[in-house]
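Q: here is a sequence together with a model predicted from it:
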Amino acid sequence: MASVSGTFPSPLSPFSDFQNFPPNQKVVNPALMMDANLPCSAFTDDICHQQREQMGSLVSKCCNKGIYLTDVCIPGKCSNSTTQLCCFQKFLQAKYSCCNDATQDEGAPKMTNKFNKCCHNLFITDDPCCPEAAAKKYWSTAYEVCMPTVTVDFSPVKFEVHFTEGVRVIDLSVDRQWEFNCTYGVKQPQFAYLPSDHVIPADLIRGLGN
């Protein structure tokens, strides 16, 4: 079982050497071979993370969440102590998906919370590695980050994942998967999606009332 430690700031503030192959033999990308034999449902976050570790940015078409910081965020690997890391990864995955959703640009420009609601609905789900209660609390303080024109510098963040065999450090100044721009949604003026059943800190409520 893994555990995570580290400071998380406020959100607002070639696979192998193929030289020995016969000269006319076609080299098949391992990711494409896997795609041919497995349904996309088999590509869990840990599989996609392993592909990214082995092949850099070249991963299976089934790994479409975009952000794969760790392989611990699946049932059986995650725990209460990895919730912070898993919610962080899932939050970024939600934004990445909405940023690449062409429906965000449908219709004439108008005030909408469509993008933020897209993020919310992908982020807050029945997920044992980022439980709904934890996700709702996180959303109440981080929702503004999930806007198409908002960028946050996460480079100071480091997560330490503790295993029985040692510690793995996820350094976001090195692993910069979080550094992406939105393709869709930027043309629409956006406002926040904050369902009434979510936990909102008192200081945030006071701020919204000013």
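A: Sure thing, it's come through. Just so it is clear, the structure is predicted and the values come from calculations on it, not from any experiment. Residues are numbered from 1 along each chain as shown.
Q: alpha carbons only for contacts and neighbour counts from here, please
A: Will do.
Q: and Arg168, what helix or strand is that in?
A: Per DSSP states H and E: Arg168 is located in strand 166-171.
Q: buried residues in that strand, which are they?
A: Along strand 166-171, the positions that meet the burial threshold by neighbour count (16 or more other CA atoms under 10 Å) are 170-171.
Q: got the phi/psi numbers for Lys110?
A: Here the main-chain torsion angles of Lys110 (degrees, to the nearest 10) amount to phi -160, psi 160.
Q: start the count at 33, not 1, going forward
A: Noted, 33 is the first residue going forward, which turns the last one into Lys142.
Q: test my guess that it contacts Pro221.
A: Yes - with contact defined as CA atoms under 8 Å, Lys142 reaches Pro221; the gap is 6.1 Å.
Q: give me the more crowded residue out of these two.
A: Neighbours of Lys142 and Pro221, each counted by other CA atoms under 10 Å, are more numerous for Pro221; the result is 16 against 10.
Q: with adjacent residues omitted, what lies nearest to that one?
A: Nearest residue to Pro221, sequence neighbours excluded (CA to CA, 6 or more residues apart in numbering): Met143, at 4.8 Å.
Q: who are the neighbours in contact with the one you found?
A: When contacts are counted by CA atoms under 8 Å, 6 or more residues apart in numbering, Met143 is found next to 220-223.
Q: let's see that with 7 Å instead.
A: Under the criterion of CA atoms under 7 Å, 6 or more residues apart in numbering, the contact partners of Met143 comprise 220-222.
Q: equivalent analysis for Val218, please.
A: If you count contacts by CA under 7 Å, 6+ apart, then Val218 has 180-181 around it.
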